[in-house]
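Enquirer: here's a sequence, model it:
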Amino acid sequence: MILDHVFVCGNPALDFAATLRARRSTRLEMFAAPDRLDAWYRESGVVDAVSPSSEADVEQATTVREAVYQLVTARRLGEEYDTGALAVLNSAARKPPAVPQLTPSGRWTQAGPEEALSTVARLAVELLSGPDVPLLKECGNPECTRVYIDRSRGMRRQWCGMESCGNKIKAAAYRARKKSVSP
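Expert: Residues are numbered from 1 along each chain as shown. Coordinates of the predicted model:
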């Protein structure tokens, strides 16, 4: 089963952390194979092209992803960072990142898996040390564990995305209201 990558969090580092879905229940792994990791790097816009990843690259990416998720959660909750997660993220961020090039047709970024991962790690460092920290929220769907940047008016956004979680929750609430009103 191949699941589509979703980009609703407002930052590639948050979307990267969200590639392990439903952490509290079914735990749907989006990086089930190296080609899925490569697809994520391209689809996210982190790079335009990436050389093929290996199983070791997937393992490294999932380690960094879990560190990002752990650090984002700690920051969102105002808790201390885990030193192991910090070491993992900072180690990945220290590696050379993907470097954009100017071509006759515009910007083009080609990278290896390590460079793409370093770019994601650097985006996480920037996010966690930047002005968007107060805007971090976890999706209101109890099954979803995505963290997103709430830039809505009044910071009233409740779900990571209406297409996924918002519609499911609203439809369930509607059905529950209809059921309770029916004789």
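Enquirer: all strands of the protein, in order?
Expert: Assigned by DSSP state E, the strands in the chain fall at 20-21, 28-29, 49-50, 100-103, 106-111, 136-138, 147-149.
Enquirer: for the fourth one, packing partners?
Expert: Right, the one you point to is strand 100-103. strand 106-111 (3 or more Cβ pairs under 8 Å, 6 or more residues apart in numbering; DSSP states H and E). Where you see a C-beta, it was placed from the backbone N, CA and C, and this is true even at glycine.
Enquirer: show me what the strand it packs on is packed up against.
Expert: strand 49-50, strand 100-103.
Enquirer: between those strands, which one is closest to Leu127.
Expert: Closest of the helices and strands packed on strand 106-111 to Leu127 is strand 100-103, at 19.4 Å (criterion: Cβ to Cβ).
Enquirer: just the CA trace of that closest one, in CSV.
Expert: Below are the C-alpha coordinates for strand 100-103, written out as CSV (Å, rounded to 0.1, in the frame of the first residue of the first chain):
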residue,chain,number,x,y,z
PRO,A,100,20.6,25.3,-5.4
GLN,A,101,22.1,26.1,-8.8
LEU,A,102,21.0,28.7,-11.4
THR,A,103,20.3,27.2,-14.8
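Enquirer: residues contacting that strand, please?
Expert: 107-110 (Cβ atoms under 8 Å, 6 or more residues apart in numbering).
Enquirer: try 10 Å this time
Expert: Applying Cβ atoms under 10 Å, 6 or more residues apart in numbering, the contact partners of strand 100-103 are 47-48, 106-111, 119.
Enquirer: next one: stretch 75-88
Expert: 60, 63-74, 89, 121, 125, 127-129, 133-138, 147.
Enquirer: what's the mean pLDDT across that stretch?
Expert: For stretch 75-88, mean pLDDT is 97.
Enquirer: what residues sit buried inside it?
Expert: For stretch 75-88, a neighbour-count test (16 or more other Cβ atoms under 10 Å) marks 75-76, 85-86, 88 as buried.
Enquirer: now the residues you listed as TSV including distance to Leu14?
Expert: Shown next, in TSV, are the buried residues of stretch 75-88 (distance: Cβ to Cβ, whole Å):
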residue	distance to Leu14
Arg75	11
Arg76	10
Ala85	15
Leu86	18
Val88	17
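Enquirer: tell me which of the residues you listed fall in helices.
Expert: Using DSSP state H, 75-76, 85-86, 88 are the members of these that sit in helices.
Enquirer: identify, from the residues you listed, the entry nearest to Glu163.
Expert: Arg76 (22.9 Å).
Enquirer: appreciated, that's everything.
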